[in-house]
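Novice: What follows is a protein structure lacking sequence information:
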DNA sequence: TCAAAAGTGTTTCTCCTACACCCATGT
DNA sequence: ACATGGGTGTAGGAGAAACACTTTTGA
């Protein structure tokens, strides 16, 4: 059933940059291998066309679920890319999102070899289809910037985590080492972590206390003008 | 000449939130009165359809120029709004931009009564067409946040300005008073202002020195890791 | 002479930084 | 025993905040 309009319209898609942190503390991105031309065989960001009955965010969530099985995650709009020739076939405007998930609690389809999806360390990326290199770079810049002044890093960790895991997360994302004592002081002084009555298990060294991000307290503090900052 | 596609496509528009600062130090937004249904007679953000041969930013610049005569300004993508029913006629996705101009050096069409455009103080806005209230609120939030950590405030001032004008700009945008001595110390210590051999003219009090934002120095400092912050 | 803004320093306090050692646990 | 991370305090310095008066100019 064809659809006719008085003026030509660009196609509209969503693309997602999904970041995850693995146990070796490397930051990874999920990519999908293209089965069709153009860029057949190349790796690309997961994404697809926006349907008429779904919002942009709903489209992004749907695509992620279809292609990777991921259901609940942090998702935020990144930027909209609309260069005239970014797709060689026709004019396609894409609304890019970025997502954060923790790989330990949500092993995704990408892990199974039945899938055409895979995780790549951000410092060992293949070259990507379309302008997806550019989108990925902007997503990474945004992540690095935002992780400093909003508590989104927790989305990359399991719900219960140790202070050292958190520190390594920041070291990984920001690309710089942090002082252990200063980091612990700073993060604990914010009062955003609830200390649990639990410890790590099965680690080959002294087991660390587990903490949990206290979302409710964070919202309260925000209203009083508090600003998260690492 | 009709255009036919296999699947339906949303219409794609750009909308612009144009901020300006007037001599009375109030922050204003430029709005356009709609001549056509829906929301006939209501005020709305300037904007229009994206053409097939222009990028999103080019579309925003073109619309601004057509509707307001503004040519050179600071323009940055804000967010893309894609709720299914944001336009009562059909599905329309809009890429919103926000712009900063200084009203003194660029009197715009809106000032002439031949135009359907007008400036409104941001604390005395009419209700707007479509979801433009929401877009405007998000633009204002972004401006308030961004003005603190990027030197975009200068875009709202004449090229040559006094320290007090700059201070009032921040007080206006941030909605809080600042200490004069501390403000001057901080801003001058950054080394981003070039002091000119000129002073204000025709003011009913002692004439202040004029300064100018030093873009080149700012770029150099940025590369060395400097971060602007008020 | 009055009104309006220009211009200027010091003290206090808070927060960031740098820095090193012992402890607990599993192999 | 050893390797690995867990866990802790203090001193010094930089920068933020608080704060008031004199000067210049035009009306």
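Specialist: Now that the structure is in, tell me what you want to look at. Computed from a predicted model, the values in this text were never measured in an experiment. Numbers count the residues shown, from 1 in each chain, chains lettered A, B, ... in the order given.
Novice: Now do whichever strand or helix holds residue A:97: which elements does it pack against?
Specialist: Using DSSP states H and E, the element containing residue A:97 is strand A:92-102. Applying 3 or more Cβ pairs under 8 Å, 6 or more residues apart in numbering or on different chains; DSSP states H and E, one finds that strand A:92-102 makes contact with strand A:11-21, helix A:56-68, strand A:74-81, helix A:132-149. Heads up, the C-betas are built off the backbone N, CA and C, glycines and all.
Novice: winner for burial among those?
Specialist: Comparing those by mean neighbour count (mean count of other Cβ atoms under 10 Å in any protein chain shown), strand A:11-21 comes out on top with a mean of 24.
Novice: Give the pairing partners of it; include direction for each.
Specialist: Strand partners for strand A:11-21, identified by DSSP bridges, are recorded as strand A:27-33 (antiparallel), strand A:47-49 (antiparallel), strand A:92-102 (parallel).
Novice: Turn those strands into JSON lines, columns for mean neighbour count and mean pLDDT.
Specialist: Rendered in JSON lines, the data for the strands paired with strand A:11-21 read as follows (neighbours: other Cβ atoms under 10 Å in any protein chain shown; pLDDT from 0 to 100):
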{"stretch": "strand A:27-33", "mean neighbour count": "21", "mean pLDDT": "95"}
{"stretch": "strand A:47-49", "mean neighbour count": "19", "mean pLDDT": "97"}
{"stretch": "strand A:92-102", "mean neighbour count": "24", "mean pLDDT": "97"}
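Novice: As CSV, the ones you listed with distance to DNA strand C would be great.
Specialist: Listed next are the strands paired with strand A:11-21 as CSV, based on distance: least, Cβ to the nearest atom of the strand, whole Å:
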stretch, distance to DNA strand C
strand A:27-33, 22
strand A:47-49, 38
strand A:92-102, 24
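Novice: How many neighbouring residues does residue A:84 have?
Specialist: By the other Cβ atoms under 10 Å in any protein chain shown criterion, the neighbourhood of residue A:84 contains 16 residues.
Novice: Then the one 4 residues further on?
Specialist: Neighbouring residues of residue A:88 were enumerated by other Cβ under 10 Å; the total is 10.
Novice: Retrieve the pLDDT associated with it.
Specialist: Residue A:88 is assigned a predicted lDDT (pLDDT) of 97.
Novice: Next: residue A:113.
Specialist: Value listed for residue A:113 in the pLDDT field: 53.
Novice: Measure how far the strand holding residue A:97 is from the centre of its chain, please.
Specialist: The chain centroid and the centroid of strand A:92-102 are separated by 8 Å, computed with Cα atoms, centre = their mean, to the nearest Å.
Novice: Next, the angle from it to helix B:56-68.
Specialist: Using axes from the mean of the first three to the mean of the last three Cα atoms, to 10 degrees, the interaxial angle of strand A:92-102 with respect to helix B:56-68 works out to 120 degrees.
Novice: what angle separates strand A:92-102 from strand A:74-81?
Specialist: Between strand A:92-102 and strand A:74-81, the angle comes out at 160 degrees (the same axes, to 10 degrees).
Novice: Let's verify the residue in chain A that DNA strand C sits nearest to: helix, strand, or coil?
Specialist: Distances from chain A to DNA strand C, computed as Cβ to the nearest atom of the strand, single out residue A:206 as the nearest residue at 3.4 Å. Three states are possible here, and by DSSP: H, G, I helix; E, B strand; the rest coil the one that applies to residue A:206 is coil.
Novice: For residue A:83, see how far away it is.
Specialist: Residue A:206 sits 53 Å away from residue A:83, taking Cβ to Cβ, to the nearest Å as the criterion.
Novice: what about residue A:194, how many neighbours?
Specialist: Residue neighbour count, defined by other Cβ under 10 Å, stands at 14 for residue A:194.
Novice: For it, list the residues it contacts.
Specialist: Contacts for residue A:194 were tallied using Cβ atoms under 8 Å, 6 or more residues apart in numbering or on different chains; they are A:211-214.
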